[in-house]
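Q: Need a 3D model of the following:
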Amino acid sequence: MAFLIKSVSTTCGLLCLFLLARTTLASDFVQTRGTQFVLDNSPFLFNGFNAYWMMHLASDPTQRYKVSNVLGESAAAGLSVCRTWAFNDGGSQALQISPGVYDENVFQALDFVVSEARKYKIRLIMSLSNNYQDFGGRAQYVNWARNAGVQLTSAGDDDFYTNQAVKGYYKNHVHKVLTRINTITGVAYKDDPTVMAWELINEPRCQADYSGNTINAWVQEMATHVKSIDKRHLLEVGMEGFYGDSVPDRKQYNPGYQVGTDFISNNLIKEIDFSTIHAYPDAWLSGQNDDAQMGFMRRWMTSHWTDSRTLLKKPMVFTEFGRSSKDPGFSIASRDSFLNSIYSNIYSLARGGGIGGGLVWQIVAPGMESYADGYEIVLSENLSTSSIISQQSRQMTALEHKMTIRP
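A: Here you go, the predicted structure:
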């Protein structure tokens, strides 16, 4: 009897711990409420960074310490959100070797990234594909279909958005990633609150249709697919913020051209939980001076923040920005000044509600020259820049503590 009582007591204790763990896990997902991000029923603001390279680098186990170092240094700088790639289609160290065929060693590298982020209490925004040919992207999906004898149109890579076979490849990848059970933590990605959000595709563009309608139909279909698998995580498109045809007067804020997205209509889709913008005035307005570029940045940020709050009624994240060392006249001081201005604007907008934070592009570890694109920042070496990033983290945290959930 004593054994039975002890056994029952132990079983009840384990069951209670299990239920508590499940409750804690469930309450730990980042959510949205109106135009705010919410975590544990409190407003959630953040400062973050991009590190697209993490899975690719971690596929070499001897290099994984660099992932750990960047996550550790970033956490020490108060950075709490990281955006990274959950794809590498075809090519070198591919995650998806061919449609539906995956390299388990590379998947375990992604498992490592997720588990390390969890250890350092950094939330992940995980992107599921790429507009560009880097790491495969749209072009690889279309090539797979072409090589399989699928009848394609003259739209080239834009068949990614409309061809049924290609869309099927993408949907299969979404399912594979979201249902992946982490070999380190034992938790399925779709059940892991370490993931803050899924991103459909990095910087979607469509030359075959600049109105935004083609991408809009694709986003609707794929967002519905994602939510059919995972209703707990947030979802965003991955957009740069270019305006399309739905609100013509907003096109004045574009940097002189359209790319086939529509910031308003694409983000109005109910399955999309928050909007995103990117901005590279040094590339988009390369012939203009710093004052003109910063003027564009302020208008770009303010117009999207306003539209997110008033038209979309969803929060926004500034998911990519930076200043390249390849720019004429670049200096660390000019980059620091640029980041100061961006962070000041983010903080100012956050005080009014409607923006969660910003993610600088990009943070790397020492000895990662092959990943250098001009925008890279090594926190342990670029001390003045690191100080500015840390200051923004402190300010966003202090502001978060002052805020309440809006009705």
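Q: Is it correct that residue 336 is in contact with residue 383?
A: No: contact criterion C-beta atoms under 8 Å: residue 336 and residue 383 do not qualify, at 10.5 Å. C-betas here are computed from N, CA, C, even on glycine.
Q: and the two? which has more neighbours close in?
A: A count of neighbours by other C-beta atoms under 10 Å puts residue 336 above the other of residue 336 and residue 383, at 17 against 11.
Q: show me what contacts the more buried one?
A: Contact analysis of residue 336 by C-beta atoms under 8 Å, 6 or more residues apart in numbering lists 384, 385, 388.
Q: where exactly do the helices run in the stretch 51-200 of the chain?
A: With helices called from DSSP state H, counting those that start in this stretch, the stretch 51-200 of the chain shows them at 54-58, 64-76, 104-119, 137-147, 164-178.
Q: from memory residue 100 sits against residue 172, does it?
A: Yes: applying C-beta under 8 Å, one finds residue 100 in contact with residue 172, separated by 5.4 Å.
Q: So which of the contacts of residue 336 belong to helices?
A: 384, 385, 388 (DSSP state H).
Q: Does the second one touch residue 338 like I think?
A: No: when contacts are counted by C-beta under 8 Å, residue 385 is not listed as touching residue 338 (10.1 Å).
Q: about what we covered before: closest to residue 47 out of the ones in helices among the contacts of residue 336?
A: residue 388 (10.5 Å; C-beta to C-beta).
Q: residue contacts, that closest one?
A: Residue 388 makes contacts with 336, 339, 340, 343, as judged by C-beta under 8 Å, 6+ apart.
Q: which of these are buried?
A: 336, 339, 343 (16 or more other C-beta atoms under 10 Å).
Q: check contacts around the nearest residue to the last one once chain neighbours are set aside.
A: In other words, residue 343. Using C-beta to C-beta, 6 or more residues apart in numbering and skipping residues adjacent in sequence, the residue nearest residue 343 is residue 392, 4.2 Å away. Residue 392 makes contacts with 47, 78, 343, 346, 347, 358, as judged by C-beta under 8 Å, 6+ apart.
Q: what kind of secondary structure is the fifth one in?
A: For residue 347, the assignment made with DSSP: H, G, I helix; E, B strand; the rest coil gives helix.
Q: how much space between it and residue 326?
A: Distance of residue 347 to residue 326, given as C-beta to C-beta, to the nearest Å: 28 Å.
Q: contacting residues for residue 76?
A: Per C-beta under 8 Å, 6+ apart, neighbours of residue 76: none.
Q: all strands of the stretch 1-150 of the chain, in order?
A: 31-33, 36-39, 42-43, 46-50, 81-85, 96-98, 101-102, 123-127 (DSSP state E, counting those that start in this stretch).
Q: would you turn those strands into CSV with distance to residue 284, mean neighbour count and mean pLDDT?
A: CSV is the format used below for the strands of the stretch 1-150 of the chain (distance: least, C-beta to C-beta, whole Å; neighbours: other C-beta atoms under 10 Å; pLDDT from 0 to 100):
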stretch, distance to residue 284, mean neighbour count, mean pLDDT
strand 31-33, 29, 16, 96
strand 36-39, 27, 21, 96
strand 42-43, 32, 16, 94
strand 46-50, 18, 26, 98
strand 81-85, 20, 25, 98
strand 96-98, 31, 18, 97
strand 101-102, 36, 12, 98
strand 123-127, 21, 24, 98
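Q: Residue 288: which of those strands is closest?
A: Evaluated with C-beta to C-beta, these place strand 46-50 nearest to residue 288, the distance being 24.5 Å.
Q: Centre of the chain to the closest one, how far?
A: On the basis of C-alpha atoms, centre = their mean, to the nearest Å, strand 46-50 sits 10 Å off its chain's mean C-alpha point.
Q: What of stretch 338-345?
A: Using C-alpha atoms, centre = their mean, the offset of stretch 338-345 from its chain centre is 20 Å.
Q: Please identify the deepest-packed of the helices of the stretch 51-200 of the chain.
A: By mean neighbour count, with neighbours taken as mean count of other C-beta atoms under 10 Å, helix 54-58 ranks first of the helices of the stretch 51-200 of the chain at a mean of 24.
Q: wait, residue 174 sits on residue 227?
A: No: the criterion here is C-beta under 8 Å, and residue 174 misses it with residue 227 at 10.6 Å.
Q: what residue ranges in this structure score low on pLDDT?
A: Scanning the chain for pLDDT under 70 picks out 1-27.
Q: Need the nearest residue in space to residue 57, chain neighbours excluded.
A: Once flanking residues are discounted, residue 57 sits nearest to residue 63: 5.0 Å by C-beta to C-beta, 6+ apart.
Q: contacting residues around residue 70?
A: Contacts of residue 70 by C-beta under 8 Å, 6+ apart are 51, 54, 363, 364, 365, 379.
Q: Grab the two from those that are most spread out in space.
A: 54 and 379 (15.1 Å).
Q: what about residue 353, how many neighbours?
A: 15.
Q: In three-state terms, label it for me.
A: Three-state call for residue 353 (three-state DSSP): coil.
Q: Distance check, residue 212 against residue 288.
A: Distance of residue 212 to residue 288, computed by C-beta to C-beta: 26 Å.
Q: For these two, indicate the residue with more neighbours.
A: residue 212 (26 against 15).
Q: I figured the more buried one was touching residue 261, is that so?
A: Yes: between residue 212 and residue 261 there is a contact at 5.4 Å, judged by C-beta under 8 Å.
Q: list residues touching both of these two?
A: residue 244.
Q: number of nearby residues for residue 384?
A: Using other C-beta under 10 Å, residue 384 has 12 other residues around it.
Q: and the nearest residue to residue 271 once chain neighbours are set aside, which of the three is it?
A: Leaving out its chain neighbours, the residue that sits closest to residue 271 by C-beta to C-beta, 6+ apart is residue 223, at 3.7 Å. Look at residue 223: counting by three-state DSSP, its state is helix.
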